[in-house]
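Chemist: Structure here, sequence nowhere to be found:
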Ligand SMILES: NC(=O)c1ccc[n+]([C@@H]2O[C@H](COP(=O)([O-])OP(=O)(O)OC[C@H]3O[C@@H](n4cnc5c(N)ncnc54)[C@H](OP(=O)(O)O)[C@@H]3O)[C@@H](O)[C@H]2O)c1
């Protein structure tokens, strides 16, 4: 399918690893000019920047200044902006709601919710000027399926999904579509980093991190397809929603969870 994305300008938050990196790669291969924000780069992102029109911008996206600077640098470099992908977000495994203090709630909300508020606010005047623009928000099944183990993250993603709808209502008449993606578990450093959710699951199940991701997580979470998602699959969906092929799709939240969500 021809996505008609060539020469558009995109910003991807949380771009150095996982889903963000996969989105940068696929956008770059479609001829999109990509501005990629995260605190640090990786060899994989460096390689994309060497071979494509990909610019790495080191920013802390948990701050207002970081979010605004990323958008500003994208517009300064390319004189326009068409596609912000609000991907950055993080969770920390929680033992109990009673042990999550205000600082922890604020940390998770800053990165998972307010980063999208701030980048969207900075980007929207440029998106309206560009016309035919699209925001893609990477939410989570936890927006509608709260887990006590990620109580604060679930609430932040619910806020993001809610914001997604408000923005789509306000800005569709001005040529900006706004859509969200709600992944179930995806094989990224979010799970696979040392001490991450795969290690925690493996320890509880008395197995290896690999086995935890390939068997324990799909079985215990009721993933009908029998496997978790891959980052490139979420990236494909992101590109579709960002592209003019999805020109009449706005205000949606699309699941990619192998059938984990059982409700309609
Ligand atoms: N993986 C899953 O199972 C899953 C499921 C549902 C939803 N999601 C959502 O998908 C999105 C991406 O997740 P992922 O699994 O790809 O995450 P990941 O593998 O942990 O990657 C996170 C990315 O965000 C960057 N980042 C972290 N803190 C940052 C900060 N303060 N400022 C700027 N960049 C920062 C990281 O780079 P630096 O550390 O260098 O900054 C990295 O590039 C998140 O919103 C997540 O909630 C993931």
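Modeler: Yep, it's here. Computed from a predicted structure; not experimentally measured. Numbering: from 1, shown residues only.

Chemist: CA atoms for contacts and neighbours, from now on please.
Modeler: Fine.

Chemist: what about the residue of the chain most remote from its centre, distance to residue 163?
Modeler: Centroid-distance maximum for the chain: residue 206 at 30.7 Å, with Cα atoms, centre = their mean. As judged by Cα to Cα, to the nearest Å, residue 206 and residue 163 stand 40 Å apart.

Chemist: go on, residue 116?
Modeler: 9 Å.

Chemist: out of the two, which sits in the busier spot?
Modeler: Remark: of residue 116 and residue 163, residue 116 carries more neighbours, 29 against 19, as counted by other Cα atoms under 10 Å.

Chemist: Just give the closest residue to the more buried one, not the sequence neighbours.
Modeler: residue 86 (5.6 Å; Cα to Cα, 6 or more residues apart in numbering).

Chemist: Test my guess that the one you found contacts residue 137.
Modeler: Yes. Counting by Cα atoms under 8 Å, residue 86 does reach residue 137; the two are 4.7 Å apart.

Chemist: got any residues that touch both of those two?
Modeler: residue 116 (Cα atoms under 8 Å, 6 or more residues apart in numbering).

Chemist: contacting residues around stretch 13-21?
Modeler: 12, 23-24, 36-38, 40-42, 44-45, 61, 85-89, 187-190, 231-232, 234-235.

Chemist: and the closest residue to residue 155 other than its chain neighbours, what does it touch?
Modeler: The shortest distance from residue 155 to any non-neighbouring residue, by Cα to Cα, 6+ apart, is to residue 143 (6.6 Å). For residue 143, the contact set (Cα under 8 Å, 6+ apart) comprises 154-161, 182.

Chemist: same thing with residue 246?
Modeler: Residue 246 touches residue 240, counting by Cα under 8 Å, 6+ apart.

Chemist: For it, give its distance to the ligand.
Modeler: 21 Å (Cα to the nearest ligand atom, to the nearest Å).
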